[in-house]
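Asks: I'll drop the sequence and a predicted model, then ask my questions.
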Amino acid sequence: MRLKSIELSGFKSFAKKTQLEFASAVTSIVGPNGSGKSNIAESFRFVLGEQSMKSMRGRRGEDMIWNGSAAVPRAGRASVKLVFDNPPVGGRRALAVDFDEVAIERVVNRDGSNEYLLNGSTVRLRDIAELLAQANIGASGHHIISQGEADRVLSSSARERREMIEDGLGLTAFLYKKVEAKRKLQKTAENMREVEALRRELAPHLRFLSGQVKKIEESQKLRDDLAEKYLEYLKRESVYLRVQEGLVGEDLATPKKEHDALTQRIAHLRQELSQKKDDAGTNELVALEAEVRAVASRRDSIVRDLGRIEGELLAHERITVVTRSSVPTEQVRTFAQTIEQGLEEALALEGSQVKEKLTTLVVAVKDFFGQLVQATAQAAHSPEELQAKKQGLEGELANLSQEETRITAATQALRKKIENEKDANREGERELFAAMARRSELQTTLAALQAATDTLAREHEQFRAELAEAGALLGRAALAYEDVELKNAQGEPVSDADVVDEPRAMQEDRRRKVERMKIKLEEIGAGNAAEVLREHQETVERDQFLRRELEDLEASAASLHQLIDELTETLEVRFTDGIEKINTQFDAFFKLMFGGGTAELAVVKEVRPVARVLDEDDDAEAPEVASEQTERTEEGIEIAISLPHKRIKGLHMLSGGERALTSIALIFAMSQVNPPPFLILDETDAALDEANSRRYGDMISSLASRSQLILITHNRETMSRAGILYGITMGSDGVSKLLSVKFEEAVAVAK
Ligand code: ATP
């Protein structure tokens, strides 16, 4: 890698675009005071990303911009472009971008805004700083020694010195990496805390959901149990009902048929019997009996009359005075008609009415005979009359006897007929009673069977309701009860008969058990299971995701820790090693400059409170480390010298020249150990006398073999070492102008 050129446009006094090419190892810039030489050194700082305006003699970014003069108006922006050759060496380029030429450009605008460009593309300052650090062009500017700043390394603090030396040793790239690693570690720690917080936030919800899921699982198990028990219950119930209903149906059929037949038969018998009751047989008999009585009474009456007539005839034989009496025939006919009519009426009547009628008739008969006796007593009958009468009566008597025989025969025949009929009726009644008894028996049986049927119907209804409920609870699975293969406690198959024979209480027990399970299931109430399960799954996944992320973060934190440790180790080793090498060179250059004496860098430890460290140092440790430590030890660099023939201890006792020589020795020593690509020395040689100027010149020649040197100088000796000489002039327009000059011209220009 080689510095090729620098181009200033509108930067400070360089109002016009000005390009300096560095074709030689040593370039000297000469010119009168105030012509703008130092502005060139500052343009290097500027383009390399210097943030301190003070170090470029300004207060603001705007101060870097050509401010105008009477002749040339001010510029709107200042830009500086630095161009490097960046050829690949052994497959590697010094600047890690794939370009043979790398142009780094910085622009500052009047509003103070900055732009950084890498080969024309806008980049961040950090990108440029990192790129340069790899090529040992550090930000501390150890390779740009401004005017009067040569002894800065002497006057700065041990820590600043250390930084300069680290930069000089090319450790900046490692420091960047370390700072970057620490920054990442801090970010990682932050992320870890965030992720942990998220997990902590998630934890109660996850616990809650896990509880819910456990409940759901419990209820699922209960539901499975319930399904099993329910199906067994339903299966048993269906078998029981099927068998029982079949049996009752069969049982009912025969008695029902018999009962119906009996009912019909009973109706028939009843009808038959009621018809016979109305038969005229009995009435006929009653009439006949009345006839018998009438005949008997007539015969008695005739017999009495005959007796009286015979008495009268006897009396006639003995008594001469015969009284005659008779009852008019008309009266007797009337009487007979009355009696006949009465009896006919009686025949039409029944029971008590017959008796009443007969009683009236008896009274009528008595009356008639009463009258007869009176008439007889009143009239005296002649024996002829009496004889005739007697004959008449006797004839009548004979007729009556015939009549009586006929009636008796008729009565007997009727009685017999009635008797026969009665027997026939009794048979019918017996059958009726038997049928009724059987029917009532059957009714009892049927009632019992009906009760059983009703019970079964109720049970069937309950079964249907239970099935519906099972369906609501278990869905289609409820219907699978039909396929359940029943097993007893021993695991043997259970037959339909076993089901029916089992005490009903056991099935009722099953039902109650199922009921209890249903209630329990409802109590658990794992409603909305699908949603809870989904949410739980999502939460678990989220938690696992966070856990994995945490693991990843932990892993990356661990690897960052390791990287930091490695970098620390590398830095430590290189630093220690570098210090040793610098010391060798420092001592040698010192001896050369002072003709003797010794010079040495010493690493010292400074104990610094962490708070200050954090304030001043943006590469702070991760907070958890800081909280454990309230202070930390830092290594700084002290410079120990001893001048020949002088008892000088401490840098503050040195003269200006001695300070310059010491700093030059150190700067050169550092440049020797880790040569920077270029080194700018702005009048570092100003304080040197002739002898030291020569030595300085020798050292420059020696350094030039490793680094490009840009020397701003008024020193003749120094000029003489340059391959290229640039003269800077400034006219009345206040604009710096560049011109290539020969050595002799340069000497002249410098003055
Ligand atoms: P010396 O040899 O005395 O150290 P020098 O050659 O190093 O001088 P510089 O210090 O580089 O000179 O130049 C300073 C000059 O630049 C001054 O004349 C100053 O006016 C001019 N200058 C600085 N900033 C600006 C600016 N923003 N605009 C215009 N001119 C500026």
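Replies: Perfect, I can see it now.
Asks: three-state assignment of Glu105?
Replies: On the three-state scheme (DSSP: H, G, I helix; E, B strand; the rest coil), Glu105 is labelled strand.
Asks: Quick check, it in contact with Ser79.
Replies: Yes: Glu105 is in contact with Ser79 according to Cβ atoms under 8 Å; the separation is 6.1 Å. Quick note: C-beta positions are derived from backbone N, CA and C, even for glycine.
Asks: shared neighbours, these two?
Replies: Here Glu105 and Ser79 share no contacting residue, scored by Cβ atoms under 8 Å, 6 or more residues apart in numbering.
Asks: elements contacting the longest helix seen in the chain?
Replies: Secondary structure assigned by DSSP state H gives helix 172-277 as the longest helix of the chain. Helix 172-277 is packed against helix 125-134, helix 383-474, helix 496-501, helix 504-524, helix 529-594, helix 623-628, with contacts defined by 3 or more Cβ pairs under 8 Å, 6 or more residues apart in numbering; DSSP states H and E.
Asks: Next, the contact list for Leu206, please.
Replies: Listed by Cβ under 8 Å, 6+ apart, the contact partners of Leu206 are 536, 539-540, 543.
Asks: Please list only the buried members of the residues you listed.
Replies: Buried subset of the contacts of Leu206 (neighbour count, 16 or more other Cβ atoms under 10 Å): 536, 539, 543.
Asks: And the residue of the stretch 401-550 of the chain that's closest to the ligand?
Replies: When distances are taken as Cβ to the nearest ligand atom, the stretch 401-550 of the chain reaches nearest to the ligand at Glu549, 52.8 Å away.
Asks: Now that residue: closest residue in space, sequence neighbours ignored.
Replies: Leaving aside its chain neighbours, Glu549 sits nearest to Val195 (5.4 Å; criterion: Cβ to Cβ, 6 or more residues apart in numbering).
Asks: With Ser740 instead?
Replies: Nearest to Ser740 is Tyr726, by Cβ to Cβ, 6+ apart, at 6.2 Å.
Asks: In a strand, the one you found, correct?
Replies: Yes: Tyr726 forms part of a strand when assessed by three-state DSSP.
Asks: Who is it paired with across the strands?
Replies: In this structure, Tyr726 bridges to Ile29, Ser740 when assessed by DSSP bridges.
Asks: Could you report the separation of it from the ligand?
Replies: Tyr726 is 12 Å from the ligand, where distance means Cβ to the nearest ligand atom, to the nearest Å.
Asks: so what's Leu226 up against?
Replies: Contacts of Leu226 (Cβ under 8 Å, 6+ apart): 473-474, 514, 517-518, 521.
Asks: Figure out the helix or strand that Ala640 lives in.
Replies: Assigned by DSSP states H and E, Ala640 belongs to strand 631-642.
Asks: separation between Thr568 and Leu169?
Replies: 15 Å (Cβ to Cβ, to the nearest Å).
Asks: Comparing these two, which residue is more hemmed in?
Replies: Between Thr568 and Leu169, counted using other Cβ atoms under 10 Å, Leu169 has the larger neighbour count: 23 against 13.
Asks: Against Phe668, how distant is the residue of the stretch 501-650 of the chain found nearest the ligand?
Replies: At 23.7 Å from the ligand, Met593 is the closest residue in the stretch 501-650 of the chain, using Cβ to the nearest ligand atom. Look at Met593 and Phe668: by Cβ to Cβ, they are 9 Å apart.
Asks: near the ligand, which residues of this structure?
Replies: By Cβ under 6 Å from any ligand atom, the residues of the chain that approach the ligand are 12-13, 31, 33-39, 63, 65-67, 147, 734.
Asks: Can you select the buried ones from those residues in PyMOL?
Replies: Entered in PyMOL, the line below selects the buried ones among those, by 16+ other Cβ under 10 Å:
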select buried, resi 12+13+31+35+36+37+38+39+65+66+67+147+734
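Asks: Nearest to Arg426 among the residues of the chain next to the ligand?
Replies: Closest approach between these and Arg426, by Cβ to Cβ: Ile65, at 154.4 Å.
Asks: so what's the closest one closest to, chain neighbours aside?
Replies: Ile65's closest residue in space is Ala78 (Cβ to Cβ, 6+ apart), at 4.2 Å.
Asks: Assumed the one you found was part of a strand.
Replies: Yes: secondary structure of Ala78 (three-state DSSP): part of a strand.
Asks: Surely Arg2 and Gln708 touch.
Replies: Yes: counting by Cβ under 8 Å, Arg2 does reach Gln708; the two are 6.7 Å apart.
Asks: Pull out the buried positions in stretch 657-674.
Replies: Using 16+ other Cβ under 10 Å as the test for burial, stretch 657-674 gives 658-674.
Asks: For the nearest residue to Leu117 once chain neighbours are set aside, give me its contacts.
Replies: Nearest non-adjacent residue to Leu117, counting by Cβ to Cβ, 6+ apart: Glu105, 4.2 Å away. Contacts for Glu105 (Cβ under 8 Å, 6+ apart) come out as 47, 79-82, 115-118, 120.
Asks: Run through the bridge partners of Glu105.
Replies: In beta-bridge terms (that is, DSSP bridges), Glu105 pairs with Lys81, Leu117.
Asks: what separates it from Gly120, distance-wise?
Replies: Taking Cβ to Cβ as the measure, Glu105 falls 8 Å from Gly120.
Asks: ditto for Gly392
Replies: Distance of Gly392 to Gly120, computed by Cβ to Cβ: 188 Å.
Asks: okay, those two: which has more neighbours?
Replies: Gly392 (13 against 8).
Asks: before we move on, back to that, the residue nearest to Glu549 contacts Asp552, doesn't it?
Replies: No: counting by Cβ under 8 Å, Val195 stays clear of Asp552, with 9.4 Å between them.
Asks: More neighbours: which of these two?
Replies: Between Val195 and Asp552, Val195 has the larger neighbour count (other Cβ under 10 Å), namely 20 against 14.
Asks: Strand partners (parallel or antiparallel) of the one helix or strand Glu7 maps to?
Replies: Glu7 belongs to strand 2-9 when elements are defined using DSSP H and E. Sheet pairing for strand 2-9, assigned by DSSP bridges, gives strand 18-21 (antiparallel), strand 77-85 (antiparallel).
Asks: List the buried residues for that strand?
Replies: 3-4, 6-9.
Asks: Could I have the CA atoms of it written out in CSV?
Replies: Extracted in CSV, the C-alpha atoms of strand 2-9 (Å, rounded to 0.1, in the frame of the first residue of the first chain):
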residue,chain,number,x,y,z
ARG,A,2,1.3,3.4,-0.9
LEU,A,3,0.0,6.9,-0.4
LYS,A,4,-0.6,8.2,-3.8
SER,A,5,-2.0,11.7,-3.6
ILE,A,6,-4.1,14.2,-1.6
GLU,A,7,-6.5,16.6,-3.1
LEU,A,8,-7.8,19.7,-1.3
SER,A,9,-10.8,21.7,-2.5
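Asks: ok, residues contacting it?
Replies: So strand 2-9 is contacted by 14, 16-22, 39-40, 43-44, 47, 75, 78-85, 101, 677-678, 708 (Cβ under 8 Å, 6+ apart).
Asks: Right, I'll call it a day here.
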